[in-house]
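Colleague: please find the sequence and the predicted model below.
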Amino acid sequence: LQREEDIAEFASYIGFSLNKKKKKMLLEMDKRAYEAFKFGNYVSKCCKEIDLEGAFKLFNKAKLNEIKPSNSSLCNLLSLVAGLGDQGSGSGPIRQIQPPNNIDYAFDVYKYMKEMHIPLQEADFTALIRCCSVNQRADK
């Protein structure tokens with residue numbers, strides 16, 4: 001019953017509809033998989049809202065609870081906190097302002113990914129390099 005209430009609250013907050021199939025899938029997930037699934041969706045919402053603080057708090061809570069987020073969730077988080085924003089491909093409109101970033105958060109996420117042996121992609125390194133450059137921290 002508690003999981004059902006949590007699922008309803010989670011779905012409402014994220015803004016997706018729950019059909020019977022989705023609800024059954026979420027109810028049948030083990031606790032860690034369910035928490036990792038929620039983490040990924042919460043990080044996606046934070047990315048859309050450019051909420052660095054919220055996303056980083058979620059990351060620290062996940063680490064504390066020994067939840068292993070998916071690789072893609074961590075890559076999204078790294079891009080967000082490094083300030084890559086939503087324009088990396090050059091296909092969007094030209095930015096009027098630089099997206100916010102936090103180099104300390106970015107390196108915390110990077111270190112965690114390395115500790116967990118999560119392979120980093122080109123976009124992850126691009127985000128880190130850009131963050132170092134914007135913060136004039138070429139020494140990192």
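Modeller: Good, I have the coordinates. Residues are numbered from 1 along each chain as shown.
Colleague: would you agree residue 29 is in contact with residue 22?
Modeller: No - counting by Cβ atoms under 8 Å, residue 22 is not a contact partner of residue 29; they are 11.0 Å apart. C-beta: built from backbone N, CA, C; applies to glycine.
Colleague: out of these two, which sits in the busier spot?
Modeller: residue 29 (16 against 13; other Cβ atoms under 10 Å).
Colleague: spit out the contact partners of that one.
Modeller: residue 37 (Cβ atoms under 8 Å, 6 or more residues apart in numbering).
Colleague: roughly how far does it sit from residue 35?
Modeller: Between residue 29 and residue 35 the computed distance is 9 Å (Cβ to Cβ, to the nearest Å).
Colleague: between those two, which contacts overlap?
Modeller: By Cβ under 8 Å, 6+ apart, no residue touches both residue 29 and residue 35.
Colleague: now residue 41: closest residue in space, sequence neighbours ignored.
Modeller: If the residues on either side of it in the chain are set aside, residue 41 comes closest to residue 14, at 5.1 Å by Cβ to Cβ, 6 or more residues apart in numbering.
Colleague: so that neighbour sits against residue 48, correct?
Modeller: No - at 10.4 Å, residue 14 does not count as touching residue 48 under the criterion of Cβ under 8 Å.
Colleague: number of nearby residues for the closest residue to residue 10 other than its chain neighbours?
Modeller: Among residues not flanking residue 10 along the chain, residue 38 sits closest, at 5.7 Å (Cβ to Cβ, 6+ apart). Other residues within reach of residue 38, judged by other Cβ under 10 Å, total 21.
Colleague: give me the element residue 38 is part of.
Modeller: helix 31-49 (DSSP states H and E).
Colleague: tabulate the CA atom coordinates of that helix in CSV.
Modeller: Taking Å, rounded to 0.1, in the frame of the first residue of the first chain, the C-alpha atoms of helix 31-49 are listed here in CSV:
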residue,chain,number,x,y,z
LYS,A,31,13.3,-1.5,-4.0
ARG,A,32,16.7,-0.5,-5.4
ALA,A,33,15.6,-0.7,-9.0
TYR,A,34,12.5,1.4,-8.2
GLU,A,35,14.6,4.0,-6.4
ALA,A,36,17.0,4.2,-9.3
PHE,A,37,14.1,4.6,-11.7
LYS,A,38,12.7,7.4,-9.6
PHE,A,39,16.1,9.1,-9.4
GLY,A,40,16.5,9.1,-13.2
ASN,A,41,13.1,10.7,-13.6
TYR,A,42,13.7,13.3,-10.9
VAL,A,43,17.0,14.2,-12.5
SER,A,44,15.3,14.6,-15.9
LYS,A,45,12.8,16.9,-14.3
CYS,A,46,15.6,18.9,-12.7
CYS,A,47,17.4,19.1,-16.1
LYS,A,48,14.2,20.6,-17.7
GLU,A,49,13.9,23.1,-14.8
